[in-house]
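>>> got a predicted structure plus its sequence, pasted below:
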Amino acid sequence: MSRPTTALTLDGPAAAGPPALHRGAARSETAHALQSVLDITDPYPVVDAARQLADGPLERALADVAAGRLLHEPTGRRVPLQELPARTVARLAQAHHLDAGQSEALGFALRCTFAWPGVVGTPDAPHALKSVLPAGFEPIATVEQIAASQATAGADGLNTSYMISQMKGGMSADFGIGCPLMCAYCYRREGDTVDGYLGSWEPAGFLEPEDVVARLLSHPWFTPHHTPIGLHMSTSEAFLPKLWPRTWRALQLLDELGLTNRVSCITKYSLSDEQIACLESLVHVDLDVNVCYAAMPESIEPPNRERRLRFLRRILRSERINVLAYYRPIAEGLNTTDAHLRHVWQTFKDAGARTVVLGGLKFADDHVHSFMSYGLPLPTGSFTPGKKLLTAATEARIMAAFDEVYADVPPELRPAVLKRSSCGRAVERGSHIPDYNGHYDLPATNCRLRCPAAQHQVCAAAQPPDEQTVRQLLARIGRPDVRVDITSTTTVVHAPLSQFERTFLRQNLLFPVHTARQAAELVAGRLTR
């Protein structure tokens, strides 16, 4: 079906012709003009408008985007912005023999088909703080005040003063604190202080979904279409009956804004078919649901097993939701007998799990007191505060059980098994982007289980960032002028970085980031192996 063309008028230098899509002084004006015809529900008029500023192979590539509806998947979901370079730009560049400048201009034109709400990002500067905010948008605090609040976060990154927190898995957006599931190993348990559950297992201190999304868009560390988001990542359970209405409303708001960020919900609960249908109706948000199951004794992990497994089997049938089987927490001596291991793998096999993420248990002195007060057996092993324990011996036994259970399944049809959530999410989504936490700087440690060859290739081919993008990101964490060395394997920042500042940089660059000291230690480790 043919589409009406959109009249586009550009004054000044951009009116000269085709170079308007290419890098140069007119780029910002061109982006503004293209976005003036943007409709979040239909991005193709922007593509038609961009075609008026192109000729030759670039114009033909843009025509293919519109004719083939290449900004959407067959299900009707938007292709996330981060995946367009691999899924669309690279293929069109090859098909139409685009040179580097034309390929970059094509990518720019496609970025103009996305909305950029909040304090960060425009199509011509996706990682930069805005100089002009969107009409009607009022941040709830200055970027300096919000960034300063992150410095007050706890050791795990939880920012209870702002309720938007940069954590290892992404940026956690939280509505309240508290969870009634009462897992004994939870590190925010009854009786904790303000950094915990405020003395109650029931969720409390609620923010409205509109407030949470406004806080997210106001945060200078949040990048539209790039930053991974976790709902209730470290404070509660997104699918609890008390929280589901807020979770669903927040997802709707993000979707209505046209954001294609990855949004994760980690759960030991379940949803009805009607609730799953709600999640399947999202068009823009790139949702993944991570269902936890590790055959933990119910005295330690009370949430109903069978209900959870029915949910896992049902949601794995969805064609519109990315689903990870979370084989965690694995606690030495509690759920690591041979019978436990075989049972979990058989359960995942019967459910049809495609991607499995392993994870050990965080355990500290206060957990010992908690377990003892409940009369529960203690896990074994030597624990480091803040670190998950999963010994090499137990990992080897887990994978031996995997091989046993899947012996009758061809290797190429067995699920991927990963150590890191970010790896699992990249694999489950189709291996279109590198692991967004940059774990491939230590492949012997992080990539040794069952990562697909396609993901290995994508991670190995990750391209170093340009210095302008790195500078824009450093400005957002208050270090605009520090020395930076960009190599083929890492970005070295010559300044102290907290683990969360480093995570922020990695997740935006899709590339390893180290301080000078970390880079030296990494090189030394490789030389001595």
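Happy to help now that I have it. Numbers count the residues shown, from 1 in each chain.
>>> pLDDT score for A25?
Confidence at A25, expressed as pLDDT, is 87.
>>> how close does it sit to H127?
20 Å (CB to CB, to the nearest Å). Any C-beta I mention is one placed from the backbone N, CA and C, and that applies to glycine too.
>>> and the two? Which one has more around it.
Per other CB atoms under 10 Å, whichever of A25 and H127 has more neighbours is H127, with 21 against 9.
>>> please name the nearest non-neighbouring residue to the more buried one.
Q472 (4.6 Å; CB to CB, 6 or more residues apart in numbering).
>>> so which strand or helix has that neighbour?
Using DSSP states H and E, Q472 falls within helix 467-476.
>>> centre of the chain versus stretch 148-156, how much separation?
Averaging C-alpha positions (CA atoms, centre = their mean, to the nearest Å) puts stretch 148-156 20 Å from its chain's average.
>>> and if you look at stretch 144-161?
Centroid separation for stretch 144-161 versus its chain: 20 Å, with CA atoms, centre = their mean.
>>> again with stretch 226-233
Put simply, stretch 226-233 sits 6 Å off its chain's centre (CA atoms, centre = their mean).
>>> quick one: end-to-end length of it, please.
One end of stretch 226-233 to the other measures 17 Å (CA to CA, to the nearest Å).
>>> what do you get for stretch 32-52?
Taking CA to CA, stretch 32-52 runs 15 Å from one end to the other.
>>> and the closest residue to I477 other than its chain neighbours, how far is that from V323?
Leaving aside its chain neighbours, I477 sits nearest to E501 (5.1 Å; criterion: CB to CB, 6+ apart). As for E501, its distance to V323 is 31 Å (criterion: CB to CB).
>>> show me which of the two is the more surrounded one.
Neighbours were counted for E501 and for V323 using other CB under 10 Å; E501 has more, 25 against 22.
>>> okay, that one and E404: tell me how far apart.
Shown here: E501 relative to E404, a distance of 43 Å by CB to CB.
>>> what residues sit buried inside the next helix or strand along the chain from the helix holding Q472?
Using DSSP H and E, the helix or strand that follows helix 467-476 in sequence is strand 484-486. Buried positions in strand 484-486, judged by neighbour count with 16 or more other CB atoms under 10 Å: V484, I486.
>>> strand 484-486 pairs with which strands, parallel or anti?
Strand pairing for strand 484-486, using DSSP bridges, gives strand 491-493 (antiparallel).
>>> please compute how far the following helix or strand past the partner strand lies from its chain's middle.
Remark: after strand 491-493, the chain's next helix or strand is helix 499-509, criterion DSSP H and E. Offset of helix 499-509 from its chain centre (CA atoms, centre = their mean): 12 Å.
>>> what residues of helix 499-509 count as buried?
F500, E501, R502, T503, F504, L505, R506, Q507, N508, L509.
>>> from T490, how far off is the nearest residue to the third one once chain neighbours are set aside?
Just to be clear, that refers to R502. Spatial nearest neighbour of R502, chain neighbours left out: V513 (5.4 Å); criterion: CB to CB, 6+ apart. Separation of V513 from T490 (CB to CB): 7 Å.
>>> so which residues of the stretch 201-350 of the chain form strands?
229-231, 262-267, 286-292, 322-327 (DSSP state E, counting those that start in this stretch).
>>> among these, which is the most enclosed?
Of all the strands of the stretch 201-350 of the chain, strand 229-231 carries the top mean neighbour count, a mean of 26, counting by mean count of other CB atoms under 10 Å.
>>> which strands border that one, and is each parallel or antiparallel?
Its sheet considered, strand 229-231 pairs with strand 170-173 (parallel), strand 262-267 (parallel) by DSSP bridges.
>>> tell me how far stretch 504-521 lies from the chain's centre.
That offset, for stretch 504-521, works out to 17 Å (CA atoms, centre = their mean).
>>> hmm, back to that, give me the more crowded residue out of V513 and T490.
It is V513, of V513 and T490, that has more neighbours when counted by other CB under 10 Å, with 26 against 20.
>>> hey, what's that one bridged with?
Going by DSSP bridges, V513 forms beta bridges with T491.
>>> please apply the same query to L287.
Counting by DSSP bridges, L287 forms beta bridges with V263.
>>> surely it meets L259?
No - counting by CB atoms under 8 Å, L287 sits too far from L259 to count as a contact (11.3 Å).
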